[in-house]
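Participant: Just a sequence and a predicted model for now, questions to come.
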Amino acid sequence: MRPMAFLEKDVASMPTQNTQFRKKHRLHERIIEAIMFLFALFSLLITVGIVVILLRESYLFFSDPKVNLLGFLTGKDWQPMIDQFGFLPLLNATFTTSIIAMLLGIPVGLFVAVYLAEYASDRMRGILKPTLEVLAGIPTIVYGYFALTFMTPLLRMLFGQERVEIYNTGSAGLVIGILVLPLIATMAEDAISSVPKELRLASYALGGTKIETTFQVVIPAALSGLSATFLLALSRAIGETMVVALAAGAGPKLTADPFKAAETITGYIVRISGGDVSYNSVDYNSIFALGLVLFLITFTLNLISRKISNVFHQEYE
Amino acid sequence: MKKATIVMIAILALLMLPVFGAGSKEAKPQETTQFAWVEEQGVNGLPGVNPIKVSGNIITAGSSTVYPLSERMAERFKQEGYSGVITIDSIGSGAGFERFTVAGETDIANASRAIKAKEIEAAKLIGRSPIEFRVGTDALAVVVSNQNTFAKNVTKEELAKLFSTAKNWSDVNPAWPNEPIQRFIPGTDSGTFDYFSEEVFKNNPEPMLSAQNLQLSEDDNILVQGIKGSPYAVGFFGYAYYAENADSLSILSINSVQASKANVDNGTYPLARPLFIYSDAQIMRSKSQVAAFIDFYLSYVNEEVIGVGYFPANDEELEKGRQTWLKAMNGTY
């Protein structure tokens, strides 16, 4: 009984207005809270809705007697109109453009980031960063025409008209590389900047030069953050649509040659949905199955990227 | 999770309401002022149209081949005073019929082939009965880049090889170079694709779609770009797109017959085909602007059709269209 009595006494002695202050729930605050919660819920519902629809429509595709999963994953011909359902040519073209994009985007983006984070004067940074932001703000359809009317003619000039087809994955890939450059540069700069100053100072104290410090201490220390950046950029490149729809080609083709035309997953989806094919046809359902594949690929990449960057945050905090 | 799905479906259903609702608002009883645009002076038996007095919007969609012609007629309609909005979507004949007969979103369907029986059935389900107006004739053009100096003429048999099994040009004709053929053809949903597979491959699209180096697009400009790009490229589309790009493309003659007005008129050009627009009497009666536009279209199409790059339909066919219009509108104005 003793502690209980003590507690009661304690409560009684508290200033009354204080308890009131803590307990009072203002109605309008609750309303605002509820509204904000609804908005948050809404974005969640949209995500769920998209996944549900993707799954349902893909199920329609895979339940078609002419389609089987193994054939879908391993077939080398994609032409749903005549019952060829192997999606390898599309996947191959998607990877070709994305890998070319990464081959350009990663080194250039990384150097831009290193320059911005380690070397650039404030004035220089003041000029470069807004320029990068402008690059990030250009609509992707403009990049598409840039690929078709600038990059492709350039490639054809360098490697020969005969060698380079008018629509080709190389041109689209390079332009996607330019497109993801601002993303890589800004995120990589963040990763590099968040390496603790002590590491740099320690390196200088050991006699390291600026360049040794940057490339042998700072970048390895930022590696997990950088990897997360690259994966995110890769997932962005895989999902890129307008550039490939305009410049990569409009027919599925299994080829490793970046100077030949080939259609990517997104390019196919855009062509079929743009043509408004009948809603009940297998062509139409196939775009949802491909959408699901695309979603799974980018979702996995984003997930890995998040995991890596979480590890990175734990390292120094 | 289950609850979330239900809420989601409810939201989606709410969003869909206006879409479904749109189909049911037809036949408004305001007949008296609706036909103010009808004029005494007619053209070839059809009542005259005064576009200044036409109001309300018109929605059309369909064939990319008919598109330039409809576009031209709409422009002229507007120039002469029509103040509404006329939408012309270039999405392929099949998709155009789909929107006209299934979704019921459009007033007019443009088509480079006749409507199919199953499309008429679909239209019946939403209470429409499509009526046909012939507006012109296209000579489907088989084209190569003007850098191509070897191909001038193909026979129909060569045409079939060119767009299916042949890998190199030399496989079609030994005199041609041993270089891979690059093919640029209209997408599977276009009337042009249907027509070509019917005419050259006896309605079986399989050989055409399994060809190598194949690019398909509903956008004829993408095809034009592609064909311009290489001396070893070949493709086909409506004559208008050739006419527009005649400086960079060469047209092949088929069985030694050139695509010309004379050869289309006398029926010797093997790839000549009719161009149509479709509407429905009910729509024309309730939305008088649609009737006005079709009237205007049929009255003046022959003055515009050559400029666009097609050939006039013969008089009999045009007269049939006019009679169809008169029958559909009988007693309304």
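Facilitator: Received, thanks. Numbering: from 1, shown residues only, chains lettered A, B, ... in the order given.
Participant: Which residues does stretch A:92-109 contact?
Facilitator: A:169-170, A:172-174, A:176-181, A:183-185, A:188, A:230, A:233-234, A:237-238, A:240, A:244, A:248-249, A:252-256, A:258, A:262-267 (C-beta atoms under 8 Å, 6 or more residues apart in numbering or on different chains). For glycine as for every other residue, the C-beta is placed from the backbone atoms N, C-alpha and C.
Participant: Would you mind listing which of those residues are buried?
Facilitator: A:169-170, A:172-174, A:176-181, A:183-185, A:188, A:230, A:233-234, A:237-238, A:240, A:244, A:248-249, A:252-255, A:258, A:262-267 (16 or more other C-beta atoms under 10 Å in any protein chain shown).
Participant: Please list which of the residues you listed are also close to chain B.
Facilitator: On the criterion C-beta under 8 Å from any C-beta of the partner chain, A:249, A:253 are the entries of these that sit beside chain B.
Participant: count of neighbours near the residue of the stretch 101-250 of chain B found nearest chain A?
Facilitator: Chain A sits closest to B:Gly229 of the stretch 101-250 of chain B, with a gap of 2.8 Å, by C-beta to the nearest C-beta. Here the count is done by other C-beta atoms under 10 Å in any protein chain shown, and B:Gly229 has 24 residues near it.
Participant: Return the residues in contact with it.
Facilitator: If you count contacts by C-beta under 8 Å, 6+ apart, then B:Gly229 has A:165-167, B:145 around it.
Participant: still on that earlier bit, point out the ones among the contacts of stretch A:92-109 that are inside helices.
Facilitator: A:169-170, A:172-174, A:176-181, A:183-185, A:188, A:230, A:233-234, A:237-238, A:244, A:265-267 (DSSP state H).
Participant: and the residue of the stretch 151-300 of chain A found nearest chain B, how far is that from A:Arg156?
Facilitator: Across the stretch 151-300 of chain A, the shortest distance to chain B (C-beta to the nearest C-beta) belongs to A:Ile166, at 2.8 Å. From A:Ile166 across to A:Arg156, the span is 8 Å (C-beta to C-beta, to the nearest Å).
Participant: These two - which one has more neighbours?
Facilitator: Set A:Ile166 next to A:Arg156 and count neighbours by other C-beta under 10 Å: A:Ile166 wins out with 25 against 20.
Participant: Kindly provide the distance from the closest residue to the more buried one other than its chain neighbours to A:Ala245.
Facilitator: Leaving aside its sequence neighbours, A:Ile166 sits nearest to B:Gly229 (C-beta to C-beta, 6 or more residues apart in numbering or on different chains; 2.8 Å). B:Gly229 sits 17 Å away from A:Ala245, going by C-beta to C-beta.
Participant: Then A:Leu232?
Facilitator: Separation of A:Leu232 from A:Ala245 (C-beta to C-beta): 22 Å.
Participant: who's more crowded, these two?
Facilitator: A:Ala245 (26 against 22).
Participant: who touches the more buried one in this structure?
Facilitator: Here A:Ala245 is in contact with A:144, A:266-267, A:270-271 (criterion: C-beta under 8 Å, 6+ apart).
Participant: A:Glu29 belongs to a strand, doesn't it?
Facilitator: No: according to DSSP: H, G, I helix; E, B strand; the rest coil, A:Glu29 belongs to no strand; its state is helix.
Participant: Just give me the neighbour total for it.
Facilitator: A:Glu29: 10 neighbours (other C-beta under 10 Å).
Participant: same question, the one 3 residues further on
Facilitator: Neighbourhood size, A:Ile32 [other C-beta under 10 Å]: 11.
Participant: Check for me that it belongs to a helix.
Facilitator: Yes: applying three-state DSSP, one finds A:Ile32 inside a helix.
Participant: I'd like to know which residues of the stretch 151-300 of chain B are adjacent to chain A.
Facilitator: Counting by C-beta under 8 Å from any C-beta, the stretch 151-300 of chain B sits next to chain A at B:182, B:187-190, B:205-206, B:209-210, B:212-219, B:222, B:225-226, B:228-230, B:233.
Participant: Might one say that the residue of the stretch 151-300 of chain A closest to chain B is in contact with B:Ser230?
Facilitator: Yes: counting by C-beta atoms under 8 Å, A:Ile166 sits close enough to B:Ser230 to count as a contact (6.4 Å).
Participant: How about the contacts made by B:Tyr232?
Facilitator: Applying C-beta under 8 Å, 6+ apart, the residues near B:Tyr232 are B:148, B:169, B:177, B:179-182.
Participant: Report the buried members of these.
Facilitator: B:148, B:169, B:180-182.
Participant: can you give me the strands for chain B?
Facilitator: B:38-43, B:46-49, B:58-62, B:86-90, B:108-111, B:130-139, B:141-145, B:153-154, B:182-186, B:214-217, B:233-237, B:249-251, B:253-254, B:272-280 (DSSP state E).
Participant: List the strands paired with the fourth one, with their directions.
Facilitator: In this case it means strand B:86-90. Paired with strand B:86-90 in the same sheet, following DSSP bridges, are strand B:58-62 (parallel).
Participant: and the partner strand with strand B:272-280, angle?
Facilitator: Between strand B:58-62 and strand B:272-280, the angle comes out at 140 degrees (axes from the mean of the first three to the mean of the last three C-alpha atoms, to 10 degrees).
Participant: Show me how the record splits chain B into domains.
Facilitator: Annotated domains of chain B cover B:30-137+B:273-329, B:141-270 [automatic domain parsing].
Participant: Least confident secondary structure element in chain A?
Facilitator: The weakest-scoring helix or strand in chain A, judged by mean pLDDT, DSSP states H and E, is helix A:2-13 (a mean of 49).
Participant: got a list of contacts for stretch B:161-170?
Facilitator: So stretch B:161-170 is contacted by B:150-151, B:154, B:171-172, B:176-181, B:183, B:185, B:196, B:200-201, B:207-208, B:210-212, B:232, B:234, B:236 (C-beta under 8 Å, 6+ apart).
Participant: how about a cut-off of 7 Å?
Facilitator: B:154, B:171-172, B:176-181, B:183, B:185, B:200, B:207-208, B:211-212, B:232, B:234 (C-beta atoms under 7 Å, 6 or more residues apart in numbering or on different chains).
Participant: Now list the buried members of the residues you listed.
Facilitator: B:154, B:172, B:176, B:180-181, B:183, B:185, B:200, B:207-208, B:211, B:232, B:234.
Participant: Which strand or helix spans A:Ile53?
Facilitator: Using DSSP states H and E, the element containing A:Ile53 is helix A:27-62.
Participant: Just the buried residues of the helix or strand just after that helix, please?
Facilitator: Remark: after helix A:27-62, the chain's next helix or strand is helix A:69-74, criterion DSSP H and E. Buried residues in helix A:69-74, counted by 16+ other C-beta under 10 Å: A:Phe72.
Participant: how far does stretch A:148-158 sit from the chain's center?
Facilitator: With C-alpha atoms, centre = their mean, to the nearest Å as the basis, stretch A:148-158 stands 27 Å off its chain's centre.
Participant: Report the rounded mean pLDDT for that stretch.
Facilitator: The predicted model gives stretch A:148-158 an average pLDDT of 93.
Participant: Contacts for that stretch, please.
Facilitator: Residues contacting stretch A:148-158 (C-beta under 7 Å, 6+ apart): A:164, A:166, A:168, A:170-171, A:174-175, A:246-247.
Participant: what's near enough to touch the closest residue to A:Leu231 other than its chain neighbours?
Facilitator: Distance criterion C-beta to C-beta, 6+ apart; nearest residue to A:Leu231, sequence neighbours excluded, is A:Ser305 at 4.0 Å. Contact analysis of A:Ser305 by C-beta under 7 Å, 6+ apart lists A:228, A:231-232.
Participant: With B:Val154 instead?
Facilitator: B:142, B:162, B:252, B:254.
Participant: go on, B:Asp89?
Facilitator: By C-beta under 7 Å, 6+ apart, the residues touching B:Asp89 are B:Ala61.
Participant: Please tell me how far it sits from B:Ala61.
Facilitator: Taking C-beta to C-beta as the measure, B:Asp89 falls 4 Å from B:Ala61.
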